[in-house]
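Peer 1: Need coordinates for the below:
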Amino acid sequence: MTPPAKRSSAKSPGASSAQVASSRAVLAHGPDDFQAERVIASVMAHARVEDPQIERRDVDVTSDEALGALIEACSPNLFGDAAVVIVYAADFADDVMVETLLTAAREGDVRLVVVHPGGVRGRKVSDALKAVDFTVAACDKIKGRAVDDFIAREFKDLRRAATPQAMDVLRRAVGDDSRSLAAACAQLVSDVADDPITPDSVSAYYDGVADVPGYLVSDAVLGGRAVEAMRRSRWVLVNDAGAGPFLSAAVASGLRGLGRVAASPRGASDAEVAKEAGVPIFKVKDIREQAKRWHPSAVAAAIVGISIADAAVKGRAVDGRDMSDQGLDRDQGTYVLERALITIVNNRSR
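Peer 2: Prediction:
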């Protein structure tokens, strides 16, 4: 029997894509189904380079015949055909199934990809597989800086480039879902001729999707472009009458970032300001320029004004510093929001 190839340590969940693809036993560990699918695809692609006729055998641990199907899938057939066994829902595996997987990994007759969603349930299963040195392919939900890295990697794999600003707009448009981001990157590469891809291209393609309108309205407000702020806010509200809270939150976030950047020490570097203010580093220079056109009291008043508008689009009126019992309908809340945007822009230099 062929011994299993040397695999990366379970203490190194960040195995490279090459290590994962070439491993004889892989644990795709984490809740992101899309990334688990990519792990399976990479293993299959590598296996088929070695043997174009290699067989794929899928086993769902939650099925009634799971144990028998798993034993059969992990057993070599009479003709000695090579196989890749994909095991889904491994968190439901019992002790006998785990032992079957461990035996298959030791004997090396088949390649294994075991898909485990992580979490508390089934931790004994994942710990047992890691203990025999399965290569761990992390399939965690991406968040924070990892989203930016994911987008950059997608464009690189597609042999195209995108500016940091374009990637920021794309993230705001699509969100943090890896499957949606990968599809969006592929679509942009297919349909957009710009290289590198620019924020305008992303905005033109995704205008009206997710956070792009809020981002653009906020940018227009901070830049003092009242007409653009009104045009874009009305556009998104026409398409989604319930988007008022989303717009007010986007503008409030932009104003808070502006206030933090404006309050940063003059000698601070862009990286220091970005970390302190919680804004992307590539935006610091632009926000600093915008801050020069804002009077400090106008920033404070703007944050108060957008807070009142936020309450209004959620159906509550604010009287002075108190929240009144008066309920507002959607049109009234929208009116308060629009008036707030105009007032904020007009008063920014006062």
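Peer 1: show me what contacts residue 59?
Peer 2: If a contact means CB atoms under 8 Å, 6 or more residues apart in numbering, then residue 59 has 66, 69, 70, 73, 85, 86, 87, 88 as its contacts. Where you see a C-beta, it was placed from the backbone N, CA and C, and this is true even at glycine.
Peer 1: Same question for residue 221.
Peer 2: 229, 251, 254, 255, 341, 344, 345.
Peer 1: can I get these in CSV with pLDDT and secondary structure?
Peer 2: Output for the contacts of residue 221, formatted as CSV (pLDDT from 0 to 100; DSSP: H, G, I helix; E, B strand; the rest coil):
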residue, pLDDT, secondary structure
229, 90, helix
251, 93, helix
254, 91, helix
255, 94, helix
341, 95, helix
344, 95, helix
345, 93, helix
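Peer 1: Just among the contacts of residue 59, which is most surrounded?
Peer 2: If you count neighbours using other CB atoms under 10 Å, the busiest of the contacts of residue 59 is residue 87, which has 27 neighbours.
Peer 1: Name the nearest residue to it, ignoring sequence neighbours.
Peer 2: With sequence-adjacent residues excluded and distances taken as CB to CB, 6 or more residues apart in numbering, residue 87 is closest to residue 114, at 4.6 Å.
Peer 1: helices or strands next to the helix or strand hosting that neighbour in the packing?
Peer 2: Under the criterion DSSP states H and E, the helix or strand holding residue 114 is strand 111-116. Contact here means 3 or more CB pairs under 8 Å, 6 or more residues apart in numbering; DSSP states H and E; on that basis strand 111-116 packs against strand 25-29, helix 33-50, strand 83-88, helix 95-107, helix 123-131.
Peer 1: Would you indicate which residues of the second one are buried?
Peer 2: Meaning helix 33-50. Residues of helix 33-50 classed as buried: 34, 35, 36, 38, 39, 40, 42, 43, 44, 46, 47 (neighbour count, 16 or more other CB atoms under 10 Å).
Peer 1: can you give me the angle it makes with strand 111-116?
Peer 2: Orientation check (axes from the mean of the first three to the mean of the last three CA atoms, to 10 degrees): helix 33-50 against strand 111-116 gives 180 degrees.
Peer 1: contacting residues around helix 33-50?
Peer 2: Surrounding helix 33-50, the residues in contact under the criterion CB under 8 Å, 6+ apart are 17, 20-23, 26, 28, 30, 54, 56, 82, 84, 86, 111, 113, 115, 137-140, 177-179, 182.
Peer 1: Now the buried members of these.
Peer 2: Among those, those classed as buried by 16+ other CB under 10 Å are 20-23, 26, 28, 30, 54, 56, 82, 84, 86, 111, 113, 115, 137-139, 178, 182.
Peer 1: any idea of the pLDDT on the residue nearest to residue 87?
Peer 2: With respect to pLDDT, residue 114 scores 97.
Peer 1: As TSV, the helices and strands packed on strand 111-116 with mean pLDDT would be great.
Peer 2: Written out in TSV, the entries for those read as follows (pLDDT from 0 to 100):
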stretch	mean pLDDT
strand 25-29	97
helix 33-50	94
strand 83-88	96
helix 95-107	95
helix 123-131	95
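Peer 1: Residue 268: which of these is closest?
Peer 2: Nearest to residue 268, of all the helices and strands packed on strand 111-116, is helix 33-50, at 36.8 Å by CB to CB.
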